[in-house]
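Q: Quick one, fold the following:
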Amino acid sequence: MNSTTHPTETRLDRIGIPYSIRWGFLGVLVFMTGNGVDSNIISPHLSAVLGSSGAELVATILTMYSLAALIASYLSGALADLFGPRRVMLWGFLIWAVFEALFLLAMNSGSVAFIFITYFLRGFGFPFFAFAFLVWINAVVPIERNGTAVGWFYVMFTGGFPTLGSLYAAGVIPLFGSGTTAEALTMWTSIGLVTLGFLIVWFGVRDPAGYGRLAPKDESSGQVIFSGLRLTFRNPRVLMGFLVRLINTAPEFGMFVIMPAVIAQNLGWGQSRWLLMTTIVYASNILLNAVFGAIGDRWGWVRTVRWFGVVGSALGLLAWWYVPHWVPAGSDWGYVVSVLAGVCFGVLLAGFVPLGAILPALTPDHKGAAMAMYTTAAGGATFLGTAVVAIVQPWGGNVGVVWAFVALYACSFVMTWWLEVNQTAEGQQATADRQR
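A: Have a look, this model is predicted:
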């Protein structure tokens, strides 16, 4: 059920940011900026701290951190349904701040086990904070603007992590000097950013929908915690939505594996231009998230996902792969054209944003459970993307990998026909009544 603490519609409401939780969007941006401070420095930093004897463990440490974030992505929605989003956001902040401090102390101690445990546990922090707020958004926003609100959430989420977080690190590290000491001191300051983001939400957001249980009162705690998994197995449409979200950004992470060597080495544009290309490509995605959310609210969520998200991203992916190979390698104008091809992929990837409105609309009485599966799929996309590369590249090469992702998008296209939902409040109430 929607709630609001403001009697009249404001300009923020009209552009898709619910007035009663407006400060939460800023809080997520600041929190995720703090979370993203170490995103581009943590791997080399750990390698330097652990030395040659422990450097081979860095990949394992980072993989286990991703696993923790994946588990927390599921639990964030389920726990928000059970205890309320506000309380789960508090837990997320406390977990992040405490274990970030312990992780930084662990690196000073040189204990690999201490580093491993503290960084793993820190991985539970940001999903609890950010994705619990996404549940709060879905509990508050009018159904007619749900897609736009989800889009604004991702503007803030990806704007902070890794974009502003990386820029913050690049600007602050030189203030402390250079080397691992400067990097460590910069990471200590990230706790201040995360704390500021939490305080903005804690004192700025008072909407009552986030203060208590959202799940039906007749369900036990165990039923609520496992409701996302239960919904996925019992409701084929939720399963379809989960799989479409899983496929959504998998090519993004796969391209991170195959494209650096292709652009920087094989085609001769160098590492700096590759990094610039990825920055431009994914900055374009950030800017268009809210736009495609609004398009979905007006043109239809499923239609937007199907034609802009699925078909558009597949064509954009092919353009990003083939255009750099068609232009003269190493040429300036060829690089510009290749960047524009990549931007097509980045922009159209935002066409998947309405999925964040579709899944909770499929099961209105279990929005937290639906969002648990949505955020789990978002985390799982990392593993799917790298898994496709690992499986296909040995026999199909990089071209085979690209076409494997296109084939997955084709599967998504078919599955979208099972995701149709009624985008009106009356339709949502009727859906809820049928499922009770």
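Q: In this structure residue 61 contacts residue 117, no?
A: No. Counting by CB atoms under 8 Å, residue 61 sits too far from residue 117 to count as a contact (10.0 Å). (C-beta placed from N, C-alpha, C; glycine too.)
Q: can you give me the helices in the stretch 51-200 of the chain?
A: 58-83, 85-109, 112-122, 125-140, 146-158, 165-172, 179-204 (DSSP state H, counting those that start in this stretch).
Q: Save those as a markdown table, and put in distance to residue 353 too.
A: Below are the helices of the stretch 51-200 of the chain laid out as a markdown table (distance: least, CB to CB, whole Å):
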| stretch | distance to residue 353 |
| --- | --- |
| helix 58-83 | 17 |
| helix 85-109 | 20 |
| helix 112-122 | 28 |
| helix 125-140 | 12 |
| helix 146-158 | 5 |
| helix 165-172 | 21 |
| helix 179-204 | 22 |
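Q: Of all those helices, which one is nearest residue 421?
A: helix 146-158 (10.0 Å; CB to CB).
Q: For residue 215, identify the helix or strand it belongs to.
A: Assigned by DSSP states H and E, residue 215 belongs to no helix or strand.
Q: confidence score at the residue lying closest to it once chain neighbours are set aside?
A: Counting by CB to CB, 6 or more residues apart in numbering, residue 215 lies nearest to residue 81, which is 4.1 Å off, once chain neighbours are set aside. Note on residue 81: pLDDT of 92.
Q: Quick check: residue 81 vs residue 242, distance?
A: 17 Å (CB to CB, to the nearest Å).
Q: Check residue 381 too.
A: 11 Å.
Q: next one: residue 173
A: Distance, residue 173 to residue 242, using CB to CB: 39 Å.
Q: The two: who's more crowded?
A: residue 242 (23 against 20; other CB atoms under 10 Å).
Q: Enumerate every residue touching that one.
A: 232, 359, 373, 374, 376, 377 (CB atoms under 8 Å, 6 or more residues apart in numbering).
Q: Inside strands: which ones of the residues you listed?
A: Cross-referencing the contacts of residue 242 against strands under DSSP state E gives no overlap.
Q: now those in JSON lines, with distance to residue 145?
A: Listed next are the contacts of residue 242 as JSON lines, based on distance: CB to CB, whole Å:
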{"residue": "232", "distance to residue 145": "27"}
{"residue": "359", "distance to residue 145": "16"}
{"residue": "373", "distance to residue 145": "22"}
{"residue": "374", "distance to residue 145": "18"}
{"residue": "376", "distance to residue 145": "25"}
{"residue": "377", "distance to residue 145": "23"}
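Q: quick one: which of the residues you listed is nearest to residue 131?
A: When the contacts of residue 242 are compared against residue 131 (criterion: CB to CB), the nearest one is residue 374, at 8.6 Å.
Q: Kindly provide the distance from the closest residue to that closest one other than its chain neighbours to residue 49.
A: With sequence-adjacent residues excluded and distances taken as CB to CB, 6+ apart, residue 374 is closest to residue 359, at 4.7 Å. The gap separating residue 359 from residue 49 is 40 Å, by CB to CB.
Q: Residue 285 now?
A: 32 Å.
Q: the more surrounded of the two?
A: residue 285 (22 against 19).
Q: residues contacting the residue lying closest to that one once chain neighbours are set aside?
A: Closest residue to residue 285 apart from its sequence neighbours, by CB to CB, 6+ apart: residue 346 at 4.1 Å. For residue 346, the contact set (CB under 8 Å, 6+ apart) comprises 280, 281, 282, 283, 284, 285, 316.
Q: and the helix or strand residue 346 falls within, which residues are buried?
A: If you go by DSSP H and E, residue 346 is part of helix 332-349. Of all the residues in helix 332-349, those buried under the rule 16 or more other CB atoms under 10 Å are 334-335, 337-339, 341-349.
Q: model confidence over that helix, on average?
A: Here the average pLDDT along helix 332-349 is 96.
Q: Report the contact partners of residue 423.
A: 143, 144, 146, 297, 300, 301, 361.
Q: got the contact list for the spatially closest residue to the fourth one that is not a sequence neighbour?
A: Right, the one you point to is residue 297. In space, and not counting its chain neighbours, residue 297 is closest to residue 147: 4.5 Å by CB to CB, 6+ apart. For residue 147, the contacting residues are 16, 292-297, 301, 304, 353-354, 356-357, by CB under 8 Å, 6+ apart.
Q: Tell me if I'm right that residue 172 and residue 187 touch.
A: No. Taking CB under 8 Å as the definition, residue 172 is not a contact partner of residue 187, at 9.7 Å.
Q: From the centre of this structure, point out the most distant residue.
A: residue 328 (35.0 Å; CA atoms, centre = their mean).
Q: Quickly note the distance from that one to residue 334.
A: Relative to residue 334, and taking CB to CB, residue 328 is found at 5 Å.
Q: in the stretch 51-200 of the chain, what spans have low per-residue confidence?
A: 53, 55 (pLDDT under 70).
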